[in-house]
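**Q** sequence first, predicted coordinates after that:
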Amino acid sequence: MPYSHHSHSGQFCKHATGLLEDVVKEAINQGFEVYGLTEHVPRYRAIDLYAEEKDISVESLMTQFEAFLNEATRLRDGYASALRLLIGLETEYISALDLEGLSKILKAHKGRIDYIVGSVHHVNEIPIDVNFDTYQRCLDNIIPPIHPADSTEADQGRERLGIFLETYLDAQFDLLSKFHPEIIGHIDLCRLYTPDLRFGDFPRAWDKLERNIKFAIAYGALFEANAAALRKGWRTAYPGEDVAELILLHGGRFALSDDSHGPHAVALNYLPTRDYLLRIGVRELWTLERTSDPNAGGRHTAPVRVNGNWWDHAFWVGK
């Protein structure tokens, strides 16, 4: 203890800061035992570049990702005596090109990539976590079914929101089905700007959420308790309480992630994340370790339970 399974650096992610090696050094400084390096996979269309990427090309994203794998391997070997580094990636699913590209990356780098953080950041090809304006544009572009003449604007807005949630969850299920990611990344990112939303108020979305959770549990995935939600204004980590309780109800297992975007964010908000997990009854945490046997996705990692009472570890003292 502690552990994190999701991280980024400014060296390989334009909306993060710092060198990857400095992220690793900070993890060592804070006493981490396991730290996952999981930069974003490339995107394949110029339209999918973010504002901060205006000076780079789509082609250079692949070069950047391959440079990440090389640097992560160097760091894993160089710091092996101080920290167990895992080399992973965080997925994108904007269009079918992203899934095709991910398949090629996994094939080309088989044996180098320990695990996948399975994340969705777009709905109908529009980013949903960049800022509120792009999120709202995504909602506005959803065309709800024809409503009765007496339906209100609020009714139609609610219908759009329900379709938005269902579309997100269907994309997530597609990703889970094709690649069996070992870590389910911020499963309820779709409500980033509506943290008080409850999936139970949208029965079709709730059913799809439950489907995704049960499927992930069946093949052995871990759900990340992602502390980044707290720095984005949530009162809890991802997932929110209703989703976390549904995961626990079906026997799902949690793994800690700081989703750091630079050395300054290593273990950021871990203490309130600990308190939140204890409040909702999470008494077991899990991490990944390398194994000789392939898992459901064909990669060589497996979940292992953190020994003892994870919340009593000396790491938490003084946090």
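**A** Done, it's in. Please read all numbers here as calculations on a predicted model, not as lab measurements.
**Q** for this protein, what's the longest helix?
**A** Selection of the longest helix in the chain by residue count, based on DSSP state H, yields helix 153-179.
**Q** packing partners for that helix?
**A** helix 96-108, strand 115-118, strand 122-123, helix 132-140, helix 203-219 (3 or more C-beta pairs under 8 Å, 6 or more residues apart in numbering; DSSP states H and E). For the C-beta atoms, the positions are set from N, CA and C on the backbone; glycine is no exception.
**Q** nearest to residue 16, out of these?
**A** Proximity to residue 16 (C-beta to C-beta) singles out strand 115-118 among the helices and strands packed on helix 153-179, at 14.6 Å.
**Q** which other residues reach that closest one?
**A** Outside strand 115-118, the residues within contact range by C-beta atoms under 8 Å, 6 or more residues apart in numbering are 5-6, 36, 38, 86, 88-91, 172, 175-176, 179-185, 221, 224, 257, 288, 297, 299, 301.
**Q** residue 32 sits in which helix or strand?
**A** According to DSSP states H and E, residue 32 maps onto no helix or strand at all.
**Q** number of residues surrounding the closest residue in space to residue 110 that isn't next to it in sequence?
**A** Leaving aside its sequence neighbours, residue 110 sits nearest to residue 298 (C-beta to C-beta, 6 or more residues apart in numbering; 7.8 Å). Other residues near residue 298 come to 11 when the count uses other C-beta atoms under 10 Å.
**Q** could you look up the SS state of residue 298?
**A** coil (DSSP: H, G, I helix; E, B strand; the rest coil).
**Q** in three-state terms, label residue 88 for me.
**A** strand.
**Q** ok, it to residue 282 distance?
**A** Residue 88 is 22 Å from residue 282, where distance means C-beta to C-beta, to the nearest Å.
**Q** looking at those two, which is more packed in?
**A** Between residue 88 and residue 282, counted using other C-beta under 10 Å, the more crowded position is residue 88 (24 against 19).
**Q** what about the nearest residue to residue 240 once chain neighbours are set aside, neighbour count?
**A** Excluding the flanking residues, the one nearest residue 240 by C-beta to C-beta, 6+ apart is residue 188, at 5.7 Å. Close neighbours of residue 188, defined as other C-beta under 10 Å, add up to 22.
**Q** surely residue 188 touches residue 237?
**A** No. When contacts are counted by C-beta atoms under 8 Å, residue 188 is not listed as touching residue 237 (10.5 Å).
**Q** just how off-centre is the lowest-mean-pLDDT helix or strand in the chain within its chain?
**A** Least confident helix or strand of the chain, by mean pLDDT, DSSP states H and E, is helix 153-179 with a mean of 94. In this view, helix 153-179 has its centroid 17 Å away from the chain centroid, taken as C-alpha atoms, centre = their mean, to the nearest Å.
**Q** how about stretch 303-319 as CSV, C-alpha atoms only?
**A** C-alpha atoms of stretch 303-319 as CSV (Å, rounded to 0.1, in the frame of the first residue of the first chain):
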residue,chain,number,x,y,z
PRO,A,303,-6.0,-9.3,-9.5
VAL,A,304,-4.7,-9.9,-6.0
ARG,A,305,-6.3,-8.8,-2.8
VAL,A,306,-4.4,-6.2,-0.7
ASN,A,307,-3.4,-7.9,2.6
GLY,A,308,-4.8,-6.8,5.9
ASN,A,309,-6.9,-3.8,6.7
TRP,A,310,-5.9,-1.5,3.8
TRP,A,311,-7.2,1.6,5.6
ASP,A,312,-4.8,1.1,8.6
HIS,A,313,-1.6,1.3,6.5
ALA,A,314,1.0,3.8,7.6
PHE,A,315,0.6,5.6,4.3
TRP,A,316,-2.5,7.3,5.6
VAL,A,317,-0.8,8.8,8.6
GLY,A,318,-0.4,12.5,8.1
LYS,A,319,-2.3,12.6,4.8
